[in-house]
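Participant: okay, sequence plus prediction incoming.
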Amino acid sequence: MYTQSTFWTPERKEDLALMWNEGIETRIIGKALGATKNAVIGKAHRMRLTPRPSPIVRNAPKLSFPDNLRDRKFDKIIAGQTYAGK
């Protein structure tokens with residue numbers, strides 16, 4: 001098992017920076033370097049490489065059920081009853 005100082009050699013850091021700046025996906029960079037996606041992201045952050053936008057959508061529309069289904073199904077679930085379709 002590698003420690004942080006032995007795994008991230010100058011060559012690996014250089015390869016990481018090159019692939020990062022080319023826009024290669026973090027999981028692919030990780031496979032190429034023998035590291036996890038999160039290790040790649042963490043090292044890129046510590047190296048102060050250009051941040052990438054988050055793939056998580058923050059303002060996604062909320063899904064809702066029609067009132068008649070919500071009243072019939074979820075009120076029974078909340079009350080601890082099983083839903084039998086009635």
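Facilitator: That came in fine, so what should we check first? Numbering: from 1, shown residues only.

Participant: who are the neighbours in contact with G30?
Facilitator: The contact partners of G30, taken as C-beta atoms under 8 Å, 6 or more residues apart in numbering, are T36, K37, A39, V40. All C-beta atoms are positioned from the backbone trio N, CA, C, and that covers glycine.

Participant: same deal with L49?
Facilitator: L16, A17, W20, N21.

Participant: separation between it and K13?
Facilitator: Using C-beta to C-beta, to the nearest Å, we find L49 at a distance of 10 Å from K13.

Participant: quick check on the contacts of G30: which are buried?
Facilitator: Buried by 16 or more other C-beta atoms under 10 Å: A39, V40, out of those.

Participant: show me the contacts of G30 that map onto helices.
Facilitator: Per DSSP state H, helices hold the following members of these: K37, A39, V40.

Participant: would you mind finding the longest helix in this structure?
Facilitator: From DSSP H, the single longest helix across the chain is helix 10-22.

Participant: ok, back up a step: make JSON lines out of the ones in helices among the contacts of G30 and add pLDDT and distance to P55.
Facilitator: Shown next, in JSON lines, are the ones in helices among the contacts of G30 (pLDDT from 0 to 100; distance: C-beta to C-beta, whole Å):
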{"residue": "K37", "pLDDT": "95", "distance to P55": "12"}
{"residue": "A39", "pLDDT": "96", "distance to P55": "18"}
{"residue": "V40", "pLDDT": "97", "distance to P55": "14"}
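
Participant: looking at the residues you listed, which is nearest E25?
Facilitator: Of all the ones in helices among the contacts of G30, K37 has the smallest distance to E25: 8.4 Å, by C-beta to C-beta.

Participant: thought that closest one was touching R27?
Facilitator: Yes: judged on C-beta atoms under 8 Å, K37 makes contact with R27 at a distance of 4.6 Å.

Participant: what helices or strands is the host helix or strand of T6 leaning on?
Facilitator: In this structure, T6 sits in helix 4-7 according to DSSP states H and E. Helix 4-7 sits against no helix or strand, with contacts defined as 3 or more C-beta pairs under 8 Å, 6 or more residues apart in numbering; DSSP states H and E.
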